[in-house]
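my questions concern the predicted model and sequence given below.
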Amino acid sequence: MLTQFSVTATRGGEWPAIIDKVLNYTEHLTQSNGEEEIAFYFRQLDWLYRERLMSAPQKRRFARLIWAGVELHELPVIPHFYRGAVLTWPQPPERTSVPTTFREWLNAEPIERIERPFEHMGKIVMGFSGVRETLLVNALLSVGNNTNLAWAEHDLLLVCKKLEDWWHEEGTSLTERARASDDSTIMSYLPARLRLIAHVLHRVVAPRISRRATEENGIAAWFERLWEAGLALGTPLVPLLFAGLTWWPEKSDDVVDIVTFIATSHSDQQVVTAALSAAAVWLTTLREQTDASHRYVNWLVESVRSPTCLCLNLKLDSITELLRSGFSRHFEPFKVTLCVALNGLLSELQDDRPISSLQAAAARPLLRVSAVSLLVAMRDKLTPIPEHPAWVGAMQLAESDKLLLIRRLIL
């Protein structure tokens, strides 16, 4: 919550005593306390560590807590955390082989079937239940949250083989069944699985294997089949397109055309979120602006002008996150246009303006939060334009907003 609303914790003050208190309590937990309680305190420690509030001695205590009782070539099991969390946490000095242990564990981890046998009224039947997605989420964690595990091409080809085997063994049949009968149960599981696979192929696999390896192992052909399956299910797998740009960068213009069309016309927030996220990752990999990136950023800026824009909050948040992450260079040429867009948008989102529906009225405060969060990111990350009328107007609207939360964002 603090991170979402741009509230930054500052070291010092009462934090050292708070951290010691949480550490003291966690150190006295046992299995009899139950998983929920253990997870509760580890979530607190995780946040405190990621916000860089811990001192060096406190980090060492946290590391001892994580690795207590864990054999040398094993990984800790913390309730409600994926194994990959340990890649981002502190490690005792004797734990020098954690990356190797993690890779070996992940290589041995199977990908779960979505439809599985279970007992019902004394009989074994096939059905659907919660899927943990351990393999896919942990693969993503290996390259996220300031972690960049050194993957060997051979290991990633094994991951690809595992995913492709699942696709042939179950994915294709589920896709055909979903298309034939519009099965809502399958559709509640399958698109999410395919999106996760697409993200893994884009963020983990593509940057670390060669074009030659993709051709020799038929990976490009498999990408094409996955893309066609996503289209057939009405859930385009945009990250696959950006994965392909790793090997065929000359296709950038075509990819931008497809992505902007999907993100403009698609109402499924999951599809749009995946598209914007994949495009953002692509932008962060570019050392300098290109014609294709310029076109994409121009579209993204223009798309936040109207409160009726589909998935407007996602597009505002995408720009904000890119600015906060240090990629302002893509938006410097558009800062005036962005000021004008935000000034007009905030004006349209005022509570005294006519409403088209009760839903639109209810969304206004949340959209104003997203718009002002972007305004703050512009102030902090772009070269200033304090005298521009649109900037002055947008800041005045933010400063006079009825919501205290919004007024505090710009302090």
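Alright, I've got the coordinates. This one's a predicted model, so the numbers in the text were calculated from it and none came from an experiment.

going forward, measure contacts and count neighbours with C-alpha atoms only.
OK.

by contact count, what packs against the helix or strand containing residue 279?
Here residue 279 sits within helix 269-285, counting by DSSP states H and E. Counting by 3 or more CA pairs under 8 Å, 6 or more residues apart in numbering; DSSP states H and E, the packing neighbours recorded for helix 269-285 are helix 238-245, helix 252-265, helix 312-324.

dump the last one to CSV, restricted to CA.
Taking C-alpha atoms only, helix 312-324 is exported to CSV below (Å, rounded to 0.1, in the frame of the first residue of the first chain):
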residue,chain,number,x,y,z
LEU,A,312,-6.8,4.0,-18.9
ASN,A,313,-5.4,3.3,-15.4
LEU,A,314,-3.1,0.6,-16.8
LYS,A,315,-1.7,3.0,-19.4
LEU,A,316,-1.2,5.8,-16.9
ASP,A,317,0.5,3.3,-14.5
SER,A,318,2.8,2.0,-17.2
ILE,A,319,4.2,5.4,-18.0
THR,A,320,4.6,6.1,-14.2
GLU,A,321,6.5,2.9,-13.6
LEU,A,322,8.8,3.5,-16.6
LEU,A,323,9.6,7.0,-15.3
ARG,A,324,10.2,5.8,-11.8
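
and that helix, which residues are buried?
312-323 (16 or more other CA atoms under 10 Å).

now render these as a markdown table, adding pLDDT and distance to residue 335.
Formatted as a markdown table, the buried residues of helix 312-324 follow (pLDDT from 0 to 100; distance: CA to CA, whole Å):
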| residue | pLDDT | distance to residue 335 |
| --- | --- | --- |
| 312 | 95 | 18 |
| 313 | 95 | 19 |
| 314 | 95 | 19 |
| 315 | 97 | 16 |
| 316 | 97 | 14 |
| 317 | 97 | 16 |
| 318 | 97 | 15 |
| 319 | 97 | 11 |
| 320 | 97 | 13 |
| 321 | 96 | 15 |
| 322 | 96 | 14 |
| 323 | 96 | 11 |
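
nearest to residue 141 among those?
Residue 141 lies nearest to residue 321 out of the buried residues of helix 312-324, by CA to CA, at 18.6 Å.

list the contacts of the closest one.
Shown in contact with residue 321 (CA atoms under 8 Å, 6 or more residues apart in numbering): no residues.

residues touching the helix holding residue 279, excluding its own?
195, 199, 202-203, 235-239, 242, 259, 262-263, 266, 293, 311, 314-315, 318, 322, 327.

residue 53: which of the helices and strands packed on helix 269-285 is closest?
helix 312-324 (19.6 Å).

that closest one versus helix 252-265: what angle between them?
Orientation note: helix 312-324 sits at an angle of 140 degrees relative to helix 252-265 (axes from the mean of the first three to the mean of the last three CA atoms, to 10 degrees).

quick check: angle from helix 312-324 to helix 269-285?
If you take the same axes, to 10 degrees, helix 312-324 sits at 20 degrees to helix 269-285.

contacts for the helix or strand that helix 312-324 is followed by?
Next in sequence after helix 312-324, counting helices and strands by DSSP H and E, comes helix 335-348. For helix 335-348, contacts defined as CA under 8 Å, 6+ apart pick out 301-302, 304-307, 368, 371, 375, 378, 382, 390-391, 393-394, 397.

what's the following helix or strand past helix 335-348 packed up against?
Using DSSP H and E, the helix or strand that follows helix 335-348 in sequence is helix 358-381. For helix 358-381, the helices and strands in contact under the criterion 3+ CA pairs under 8 Å, 6+ apart are helix 312-324, helix 335-348, helix 389-399, helix 404-409.

I'd like the ones you listed as a markdown table, with distance to residue 246 appended.
Converted to a markdown table, the helices and strands packed on helix 358-381 look like this (distance: least, CA to CA, whole Å):
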| stretch | distance to residue 246 |
| --- | --- |
| helix 312-324 | 20 |
| helix 335-348 | 29 |
| helix 389-399 | 38 |
| helix 404-409 | 38 |
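
those helices: which one's closest to residue 114?
Using CA to CA, the helices and strands packed on helix 358-381 put helix 312-324 closest to residue 114, at 28.7 Å.

okay, angle between the closest one and helix 335-348 too, please.
Using the same axes, to 10 degrees, helix 312-324 lies at 140 degrees relative to helix 335-348.

angle of helix 312-324 against helix 358-381?
10 degrees.

for stretch 138-148, buried residues please.
138-144.

what about the residues you listed, which are in helices?
138-141 (DSSP state H).

which one of those residues sits closest to residue 163?
residue 139 (11.8 Å).

quick check, the closest one in contact with residue 201.
No. Between residue 139 and residue 201 no contact is recorded; they are 9.8 Å apart, counting by CA atoms under 8 Å.

from the chain's centre, how far out does the strand or helix carrying residue 117 sit?
Taking DSSP H and E as the criterion, residue 117 maps to strand 115-120. Using CA atoms, centre = their mean, to the nearest Å, the distance from the centre of strand 115-120 to the centre of the chain it belongs to is 31 Å.

convert the C-alpha atoms of that strand to CSV, please.
This file holds the C-alpha atoms of strand 115-120, laid out as CSV (Å, rounded to 0.1, in the frame of the first residue of the first chain):
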residue,chain,number,x,y,z
GLU,A,115,-6.7,-30.9,-15.4
ARG,A,116,-5.8,-33.6,-12.8
PRO,A,117,-7.4,-36.8,-11.3
PHE,A,118,-8.9,-36.5,-7.9
GLU,A,119,-11.3,-38.5,-5.7
HIS,A,120,-15.0,-37.7,-5.8
